[in-house]
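*Asks:* Quick one, what's the 3D model for this:
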Amino acid sequence: MICEIREHFFDQIRKSESDLTQRKLEVLFEKMTHAKGIIDEEGHAPDVYTPTLLSFRTETPEEVTQNTMANQFVDRHPYDRTLQFAGYTWGVKASATPVGPGPNYFSDLESEVFVDSSGRLHLKIAYRDGYWYSTEIVHTQPLGYGTYTFELASRVDQLDPNVVLGLFTWDDLAPGHHYREIDIEFSRWGELQNKIAQYVVQPYHVAGNLYRFDTILQGSLSTHLFEWRKERINFASYQGSPADPGDEIETWSYTGADIPPPGLENTRLNLWLMNGNAPSDGKEVEVVVEAFRFTPLNHQ
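*Replies:* Next up, the predicted model:
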């Protein structure tokens, strides 16, 4: 039972590390003491005991500290590489095995995800060493209520049917709020007849939480945004950029029951392959993001 308790704590520590930078976690690695009756005289823990959740805490809960025989401080950094884009620091996702979404291999190579001399972000799907690699960047801080604006400089209306471009928020530790996932996505999801774009408030399978639409871009530039408020989420897409606005492509307002409250969500941009399947034309893919802007709700 002691080992089960210890493993539970380690599991919570692993979960709490997700997408946080330079955090010090005090790791419980020896047995609990008899204090507070957590372990009885025979060295067994009662079945009713549930270890304290460590989710996103920067310090160990007092209960754990008081009942620890030994401890160790460890510096953790969830990303081997970060980059600067649009005035923010972003972690670059990498994986040695297939992971979600997809699942896919994810690359953090500078040749496959980078910011050019004009400040534009490049995300690629690349083939090397016998595998297809996707790319994703993750904002290192939560932003909360406000307007999230993504300016694109690629013809996302012409993406291969197996390719997905995601512009979204995500919170690893919020399953009760469907991970605070709000999406703008471009993909035909493997079928040419599917519409290319969608707005989503998760869970997508609930009626009224997903809105799909089609478009033909008039050029490489387009702007897409969502305004996250307590009582609604407003989505919009436009031809061109804010500096040279074009026609409205689509708008949608969501007022359903699944609007998440702010928490520890991160803004993310990713380019990946549906089910890990190669592009149908066998060609590598690149999407250029001109800019990202966030306007807090109280500054609008």
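
*Asks:* Need the CA coordinates for stretch 153-171. PDB is fine.
*Replies:* Listed next in PDB are the C-alpha coordinates belonging to stretch 153-171 (Å, rounded to 0.1, in the frame of the first residue of the first chain):
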ATOM      1  CA  ALA A 153       0.400  33.900 -44.400                       C
ATOM      2  CA  SER A 154      -0.400  30.600 -46.100                       C
ATOM      3  CA  ARG A 155      -3.200  29.200 -48.100                       C
ATOM      4  CA  VAL A 156      -4.700  27.100 -45.400                       C
ATOM      5  CA  ASP A 157      -7.800  26.500 -47.600                       C
ATOM      6  CA  GLN A 158      -5.500  24.300 -49.700                       C
ATOM      7  CA  LEU A 159      -4.100  22.000 -47.000                       C
ATOM      8  CA  ASP A 160      -3.700  18.300 -47.900                       C
ATOM      9  CA  PRO A 161      -6.800  16.300 -46.600                       C
ATOM     10  CA  ASN A 162      -4.700  14.500 -44.000                       C
ATOM     11  CA  VAL A 163      -3.200  17.700 -42.600                       C
ATOM     12  CA  VAL A 164      -4.500  19.700 -39.600                       C
ATOM     13  CA  LEU A 165      -3.600  23.200 -38.500                       C
ATOM     14  CA  GLY A 166      -4.800  24.000 -34.900                       C
ATOM     15  CA  LEU A 167      -5.000  27.400 -33.200                       C
ATOM     16  CA  PHE A 168      -6.300  26.700 -29.700                       C
ATOM     17  CA  THR A 169      -6.100  26.800 -25.900                       C
ATOM     18  CA  TRP A 170      -5.500  23.700 -23.800                       C
ATOM     19  CA  ASP A 171      -5.100  22.900 -20.100                       C
END
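
*Asks:* Quick one: mean pLDDT over that stretch.
*Replies:* On average, the pLDDT along stretch 153-171 is 98.

*Asks:* Give me the distance between the nearest residue to Val156 once chain neighbours are set aside and Gly176.
*Replies:* Leaving aside its chain neighbours, Val156 sits nearest to Phe186 (4.4 Å; criterion: C-beta to C-beta, 6 or more residues apart in numbering). Every C-beta, even on glycine, is put in place using the N, C-alpha and C of the backbone. Distance of Phe186 to Gly176, computed by C-beta to C-beta, to the nearest Å: 28 Å.

*Asks:* Same question for Thr255.
*Replies:* Counting by C-beta to C-beta - Thr255 and Gly176 are separated by 20 Å.

*Asks:* Tell me which of the two has more neighbours.
*Replies:* Thr255 (12 against 9; other C-beta atoms under 10 Å).

*Asks:* surely the more buried one meets Arg232?
*Replies:* Yes - between Thr255 and Arg232 there is a contact at 4.6 Å, judged by C-beta atoms under 8 Å.

*Asks:* can you map out the helices along the protein?
*Replies:* If DSSP state H is used as the criterion, the helices of the chain fall at 2-16, 62-66.

*Asks:* By mean pLDDT, show me the worst of the ones you listed.
*Replies:* When I compare the helices of the chain, helix 2-16 is least confident, with a mean of 46.

*Asks:* For the residue lying closest to Pro279 once chain neighbours are set aside, list the residues it contacts.
*Replies:* Leaving aside its sequence neighbours, Pro279 sits nearest to Asp160 (C-beta to C-beta, 6+ apart; 4.2 Å). Neighbour list for Asp160: Pro279, Ser280, Asp281, Lys283, Val285 [criterion: C-beta atoms under 8 Å, 6 or more residues apart in numbering].
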